[in-house]
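Asks: Generate a structure from the sequence data that follows.
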Amino acid sequence: MRDVLIRRDQLEAMRGSVLTAIPVNMLLGLASLLVAYRSDHGSAGALWYAASTGVNLLRIALCRAPCLGLSLTADMPPRMTEAAAHSIDRHLRANIAAAFLSGSVWACQPLLCEGYTSAQALFYLGVTCGVTAGAVTHGTAFARIPVSFILLPLLSVTGCLLLAGGFDRTCLAACVLLYFLALTHTAFRSEAGFRAASRLKNEATALARSRAEAHASASALVDEMRWRATHDDLTGLLNRAGFIQQAEDRLAAGAQSLLLLDLDGFKFVNDVYGHKSGDHVLIEVARRLRAAAPETALAARLGGDEFAVLYDHAASGTSHDVLAERLIAAVGLPFAGFDAGRLGVSIGIHAGPEPSLTEMLSCADEALYAAKASGQSQFRTFDAGLRDRLQMRRDLERDLSQALAENALEVWFQPIYALDARTLVGLEALVRWQHPRLGWIAPPDLIAAAASVGLTESLLRAILEQVCAMMQILRSRGLGTVRVAMNVSPREMAQVPVDEIVIGRLSLLDLPPAMLEIEITEETALDIGAVQGKLQALSRAGIRVALDDFGIGYSSLSSLRQLRADRIKIDRSFVTGLGTCEDKHGLVLAVLGLGRLLGLEVVAEGVESAEELHILQAMGCPFLQGYHLGRPMPVHALENTLLIAQTEAA
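Replies: Predicted coordinates:
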């Protein structure tokens, strides 16, 4: 850019100097015409002057022609800068050619004075030297133009003097040549000085402009940073930090109602249609929230697909239920490119007084969790029941660490039988925790509590330890062919080095990997990239992989292959009522056929009655599990009953 600006200055200065020098050139040409007329060379002089005038008019036209490059500024976009640079170069080349053409005309002056041998030779030599010196004096900006002009006239003088011969003329020819070299040197020195001055001028201009722009941009940057610190770049809503700041100010002024929103089906849109489409959805959801919420409400995107709305329901005259239904209806409208009903929103509401915004967010989040558990596009208001559940989860999170340290968690085992319903082929490990105050804790609640307090890996290791202990018991009783299945949640599989922990522990205890089976749910297939390497490592080590709850999630032939599954477990929802539902009958047969086709073992879960057992046996289901066959048992009960019977049968 700097070099282009300098060339622009050269072109501008050159045009001015040429327009100044042309009148002098034409006057000297007119004088030459008059001398030629007086010396009986009037016709030749007239032709010569006509040619000179024509070229001078051409040069004047070129200097007055519009040029895009002369409007060049430092802040032009690159494409316009490139076009301007090309325009400058074209005009410079055209002026060089015109100067050379003018010099060619002046090189013909020897025709007016018999090759500088007539009595008028001294006049013409003086005119030629004057016009060439003037060209260099005026043409300081761009040396190639005056040099192109003086080249042929001075070479013509030199040649004519040499042809005329004689010591004096030869010496004069040498002087003319020296004069040409001196003028050329002066022209390029002058151009170098002009370019240096132009560079300094442009740098000074750029510096002044930069200082002004820096001041303006610094102010703008401060404003932008202040905005970015409190707003979400994608949607323009408040971000978490900005929301907390403004929400706390509002809470200090009076009671407020909080709604937490989480999109339903957004992950599917992101995975299927891509993150760019997902971003468009978030932008549109933000627009709809602003339009549907009260004008004075605070709307924020807290992160991912989670939003929040804080408002004064008394001042707005809009109840929580009405606003929640309005927001659900707004988000439920079709989005461009998606099926109607593909996206929805679940809402958790907190409307009661709380000591802090943090507590309000926790309560609304608990209500949101309950709303999502109820199905898509539901809302739930935080109440006494949810408060008890929130307190229970906090108790679990607080006490879990101590329970793990004291080995208070137990692993019970449920038997898995062969087709004959008598031969034990496996045991499924199921974690149990009897909280001293809350009683038995459901495994999903236990896993969620472990994740909340960062104890996911500790929980996995505790369960694995008891699973390994059961494997040792089985080997000691000669039941080494009975496999023990251990459930691993999607969160554990994604966040914990399950393969390293399991393989390392089996190796340390010298237990055969073939006795262990890792059960994963179909939900794990949603993030195959994060777990595939771990499953491959487990499979290579000889540990089997089973896909639990098959048929109710995200099953596909591709995911079965990528997850390295050896066994699929038909979900209990397909087994319950099998004798009275033809659809379930067909689905179970289809899964059994798929298992045979792919070489996968098939286990039917949830066998609750003799009728279901007989139907599954008639279908040829190779493995069976359920309360009708055997309930989960603690280790001591298992050893005293089932294992004794199996050992005797063996």
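Asks: which residues of the protein score low on pLDDT?
Replies: Applying pLDDT under 70 to the chain flags the ranges 1, 74-75, 338-341, 522-530, 551-563, 647-650.
Asks: Could you identify the longest helix within it?
Replies: Secondary structure assigned by DSSP state H gives helix 167-230 as the longest helix of the chain.
Asks: elements contacting that helix?
Replies: Judged by 3 or more C-beta pairs under 8 Å, 6 or more residues apart in numbering; DSSP states H and E, helix 167-230 is in contact with helix 2-38, helix 121-138, helix 144-164, helix 240-253. C-beta coordinates here come from the backbone N, C-alpha and C atoms, glycine included.
Asks: The second one: which residues count as buried?
Replies: Spelled out, that is helix 121-138. For helix 121-138, the neighbour count (16 or more other C-beta atoms under 10 Å) marks 121, 123-125, 127-129, 131-136, 138 as buried.
Asks: what's the angle between it and helix 167-230?
Replies: Orientation of helix 121-138 against helix 167-230 (axes from the mean of the first three to the mean of the last three C-alpha atoms, to 10 degrees) gives an angle of 10 degrees.
Asks: relative to helix 2-38, how tilted is helix 121-138?
Replies: 160 degrees.
Asks: what's the offset of the helix or strand encompassing Tyr49 from the middle of its chain?
Replies: Using DSSP states H and E, Tyr49 falls within helix 42-64. Distance of helix 42-64 from the chain centroid (C-alpha atoms, centre = their mean, to the nearest Å) equals 65 Å.
Asks: and the residue nearest to Glu325 when sequence neighbours are not counted, bridged to which residues?
Replies: What sits nearest to Glu325 in space, not counting adjacent residues and going by C-beta to C-beta, 6 or more residues apart in numbering, is Phe379, at 7.4 Å. Phe379 has these beta-bridge partners by DSSP bridges: Ile347.
Asks: about what we covered before: now the angle from the very next helix or strand once past the helix holding Tyr49 to helix 2-38?
Replies: Going down the chain from helix 42-64, the next helix or strand is helix 78-106, by DSSP H and E. Put simply, helix 78-106 runs at 20 degrees to helix 2-38, going by the same axes, to 10 degrees.
Asks: List the strands paired with the longest strand seen in the chain, with their directions.
Replies: Longest among the strand segments of the chain by residue count, using DSSP state E, is strand 424-435. Strand 424-435 has its sheet partners listed here by DSSP bridges as strand 410-418 (antiparallel), strand 439-441 (antiparallel), strand 483-487 (parallel).
Asks: From Ala94, how far off is Leu62?
Replies: Per C-beta to C-beta, to the nearest Å, Leu62 is found 5 Å from Ala94.
Asks: Please read the previous query as pertaining to Ser39.
Replies: 36 Å.
Asks: got it, and Cys468?
Replies: For Cys468, the distance to Ala94 equals 90 Å [C-beta to C-beta].
Asks: can you check Arg226 too?
Replies: Here Arg226 is placed at a distance of 54 Å from Ala94 (C-beta to C-beta).
Asks: In terms of neighbours, single out the busier of these two.
Replies: For Arg226 versus Ala94, neighbours defined as other C-beta atoms under 10 Å are more numerous around Ala94 (15 against 11).
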